[in-house]
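Peer 1: I would like to see how this sequence folds:
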Amino acid sequence: MRHDRLLIALVAGIAAGVLAGAWLGKDAVMFAWLGKLFLTMLKMLIVPLVVASVITGVAGLGDPRRFGRTGLFTLGYYLTTTFIAVSIGLLMANLIAPGEGAAIAGEAHPKPPHVGLTDIILSLVHPNIVAAAAEMKLLPLITFSIAFGLALALLGARGEPAIAFMEAVHEATMKIVHWIMWFAPVGVFALVAARLGKAGGAGAFWAQLAALGKYALAVLLGLALHAVMLSLILRIFGGRNPREYLRTIGAALATAFSTASSSATLPLTMELVEEAGVDARARRFVLPLGATVNMDGTALYEAVAALFIAQAYGMDLSFTQQVLVLLTATLAAIGAAGIPEAGLVTMVIVLSAVGLPTEGIGLILAIDWFLDRCRTTINVYGDAVGAAVVARRLARHPTPS
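Peer 2: As a prediction, this is how the structure comes out:
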């Protein structure tokens, strides 16, 4: 099948990128332009895809009461899985204690501006929706698209021509995704090779990984355990075989690893989740929203990083402080996408909540680029699982009660 061939080609591209980065070292950066071209082509589709998908997904639900129940259920899924992810991260950090004996020396990182709850709420809207699209601010676009989709649903027959137009926009955008995927193996090869070359080649990367080995182990084991939890959720609440589902969406996960971007991966995620047979209403609403606000892997990573920094500075976090890390990382992950430099800012939010030094971020920067790819892969898997879970709920509740 087509997705099988694409997955094989992407894995081959990643493997070739690793070999090129190891063999050529810093010279592998010469491939960077190919990776940038691939990323740019994907990002070119994000705005029309998000707008068309959310509008048609919300309008397709029909009765606005259905959207309210579906929206609350989706938000509940996001919060629950993120809460589980952070709990796993704290567990791994306490068991492995990666920061014990770690050196404090590290590049001091400038503290970004303070971002509070009101800033996150304000990021949901924008005074100029065209400017929001130009600046790739997806949360205001999603807010507008949800409102527009609800309005079209309430218009009844008068809204049907606009819905049909947005359906055509969605289908045409997905057709372009098909074309871009022919270039995907070359793009992921270039992204991996160039990033490994920028890190100084395989030798330098392994040296960095060894220096932060226990920290990386805690993050990677936590992400692997959370992937197992997501698979159980998929089986129990999504009613799907995780192995078959992973096989179908595997190319999206490989792309997530190579691009380190949930948003850039969104076009392929939507295509493959559709191929997996997930209801259009669910995937068109859940996936764009998830790519923006559902960050299981990122939240888990930040929990491990917070405890690593505390241990490295010889600071013991009490049970209450760790609960605060749990709550802060969960909520920060939901609001992360609306904030510039989201990963850095949310990390500072978590550290500040428990009084940890923000310059401790400098301790983990050496391998952050690699772990970023791993956590992004889990972010995308969580979105895909969420689409299947919501689709099953829609099938069980065809009309609002």
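
Peer 1: Please count neighbours and contacts with C-alpha atoms only from this point.
Peer 2: Fine.

Peer 1: what residues are up against Val273?
Peer 2: Val273 is in contact with Thr248, Ile249, Arg283, Ala384, counting by CA atoms under 8 Å, 6 or more residues apart in numbering.

Peer 1: mind running it again at 7 Å?
Peer 2: Under the criterion of CA atoms under 7 Å, 6 or more residues apart in numbering, the contact partners of Val273 comprise Ile249, Ala384.

Peer 1: Return the set of buried residues in the helix or strand harbouring it.
Peer 2: Following DSSP states H and E, the helix or strand that holds Val273 is helix 262-275. Using 16 or more other CA atoms under 10 Å as the burial criterion, the residues of helix 262-275 that qualify are 262-274.

Peer 1: Where does pLDDT dip in the stretch 251-400 of the chain?
Peer 2: Within the stretch 251-400 of the chain, the segments meeting pLDDT under 70 span 331-346, 397-400.

Peer 1: quick one: the helices in the stretch 251-400 of the chain?
Peer 2: In the stretch 251-400 of the chain, helices defined by DSSP state H, counting those that start in this stretch lie at 262-275, 280-293, 296-312, 319-335, 342-353, 365-396, listed in chain order.

Peer 1: who does the longest one touch, helix- and strand-wise?
Peer 2: Put plainly, it is helix 365-396. The criterion is 3 or more CA pairs under 7 Å, 6 or more residues apart in numbering; DSSP states H and E, and the helices and strands that helix 365-396 contacts are helix 201-211, helix 213-237, helix 242-259, helix 262-275, helix 280-293, helix 296-312.

Peer 1: what pLDDT, on average, does the first one get?
Peer 2: When pLDDT is averaged along helix 201-211, the result is 71.

Peer 1: what's the spacing between stretch 175-186 and its chain's center?
Peer 2: Using CA atoms, centre = their mean, to the nearest Å, the distance from the centre of stretch 175-186 to the centre of the chain it belongs to is 20 Å.

Peer 1: Repeat that for stretch 260-272.
Peer 2: Here stretch 260-272 shows a centroid-to-chain-centroid distance of 9 Å under the convention CA atoms, centre = their mean.

Peer 1: do the same with stretch 66-80
Peer 2: Per CA atoms, centre = their mean, the displacement of stretch 66-80 from the mean C-alpha position of its chain is 18 Å.

Peer 1: cool, stretch 95-102 as well?
Peer 2: Worked out by CA atoms, centre = their mean, stretch 95-102 lies 27 Å from the chain centre.
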